[in-house]
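**Student:** coords please:
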Amino acid sequence: MGKDADKLIVQLATYEVTDPTVDSQMIQLKNSGANVFFNITTPKFAAQAIKKAAEIGWKPGALPQQRRRPRSEP
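**Tutor:** Sure, this is the predicted structure:
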């Protein structure tokens with residue numbers, strides 16, 4: 001996205017790992033008019049996000065998170 005990121009990203013939603021759910025963030029994202037969802041989170045919250053999107057009828061294009069192995073220390 002580079003220099004165009006500010007024009008293309010309509011909403012960022014953060015959470016704390018101590019939050020019970022990400023429901024309010026998902027509602028916020030839907031209400032922003034976003035049409036793509038990049039789910040960068042832990043497995044527990046990823047599942048909650050997918051479930052909540054279905055419950056509220058939000059069907060954005062989704063970009064799956066690419067899980068990578070951590071690099072070994074040199």
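**Student:** Phe38 bridge partners, please.
**Tutor:** In this structure, Phe38 bridges to Leu63 when assessed by DSSP bridges.
**Student:** number of residues surrounding it?
**Tutor:** Around Phe38 there are 14 other residues, counting by other Cβ atoms under 10 Å. From N, CA and C alone the C-beta is placed, and that goes for glycine too.
**Student:** hang on, it packs against Gly61?
**Tutor:** No - the pair Phe38 and Gly61 fails to qualify as a contact (Cβ atoms under 8 Å) at a distance of 9.6 Å.
**Student:** buried ones in the lengthiest helix in the chain?
**Tutor:** Ranked by residue count and defined by DSSP state H, the top helix of the chain is helix 43-55. Residues of helix 43-55 classed as buried under the neighbour-count rule (16 or more other Cβ atoms under 10 Å) are Phe45, Gln48, Ala49, Lys52, Ala53.
**Student:** any stretches of this structure with poor pLDDT?
**Tutor:** Counting by pLDDT under 70, the low-confidence segments of the chain come to 64-74.
**Student:** nearest spatial neighbour of Ile9, skipping sequence neighbours?
**Tutor:** Met1 (7.3 Å; Cβ to Cβ, 6 or more residues apart in numbering).
**Student:** try Ile56
**Tutor:** Nearest residue to Ile56 in three dimensions, chain neighbours excluded: Lys30, at 5.8 Å (Cβ to Cβ, 6+ apart).
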